[in-house]
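**Q** need a 3D model of the following:
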Amino acid sequence: MKFLLGAMIAWLVAQALKHGARLFGRNRRIFGTDTRAKLFLSGGMPSAHSATVTALTAMIGYYEGCDSAVFALSVLFSAVVMYDAMMVRFSSGEQGDLLNKLLKEQKSKLGQIRIAHGHRPIEVIAGAVVGLVVAGVVILATHYL
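**A** The predicted structure follows:
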């Protein structure tokens, strides 16, 4: 249960940081439907995907050992998730933006397509840092509670 708890807290912290940045950033439309719709969308700083898998991997490494098979599997899983966030989803987001621009220019009746944006490397790194910090806090909390 502690593994799942750590991963879920990391996701929540990353999402809270992301929306906190939107609240105090240039785009202050935080309380509109725009933000509620974006709560579960991908993209932005920090990466919640990276935070989640990094927290899970760190906790597995601590509790199960870094030489365990489950830790090795978790490291590979994390690498795939982070690579996908940076490369595959980022590229598909750029392509979606271009398609929406073309649809708008052509005055298409199809409307805009929904785009799942990926992450820049710094967003993935920031998410990993969030995941490590959350894992450390959860590990310490489970020892003292």
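
**Q** pLDDT score for the spatially most central residue of the chain?
**A** Nearest to the mean C-alpha position of the chain, by CA atoms, centre = their mean, lies residue 48 at 2.1 Å. Here the pLDDT value assigned to residue 48 is 90.

**Q** is it true that it touches residue 16?
**A** No - the pair residue 48 / residue 16 is not scored as a contact, 9.7 Å apart, by CB atoms under 8 Å. Glycine gets a C-beta too; all of them are placed from N, C-alpha and C.

**Q** pull the CA atoms of stretch 92-108 into PDB?
**A** The C-alpha trace of stretch 92-108 is given here as PDB (Å, rounded to 0.1, in the frame of the first residue of the first chain):
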ATOM      1  CA  SER A  92       2.300  14.100 -31.400                       C
ATOM      2  CA  GLY A  93       1.400  17.300 -29.500                       C
ATOM      3  CA  GLU A  94       3.300  19.400 -32.000                       C
ATOM      4  CA  GLN A  95       1.700  17.500 -34.900                       C
ATOM      5  CA  GLY A  96      -1.800  18.100 -33.300                       C
ATOM      6  CA  ASP A  97      -1.100  21.800 -33.000                       C
ATOM      7  CA  LEU A  98      -0.200  21.900 -36.700                       C
ATOM      8  CA  LEU A  99      -3.300  20.000 -37.700                       C
ATOM      9  CA  ASN A 100      -5.500  22.400 -35.600                       C
ATOM     10  CA  LYS A 101      -3.800  25.300 -37.300                       C
ATOM     11  CA  LEU A 102      -4.500  23.800 -40.700                       C
ATOM     12  CA  LEU A 103      -8.100  23.000 -39.800                       C
ATOM     13  CA  LYS A 104      -8.600  26.600 -38.700                       C
ATOM     14  CA  GLU A 105      -7.000  28.100 -41.800                       C
ATOM     15  CA  GLN A 106      -9.100  25.900 -44.000                       C
ATOM     16  CA  LYS A 107     -12.200  26.900 -42.000                       C
ATOM     17  CA  SER A 108     -13.000  23.200 -41.600                       C
END
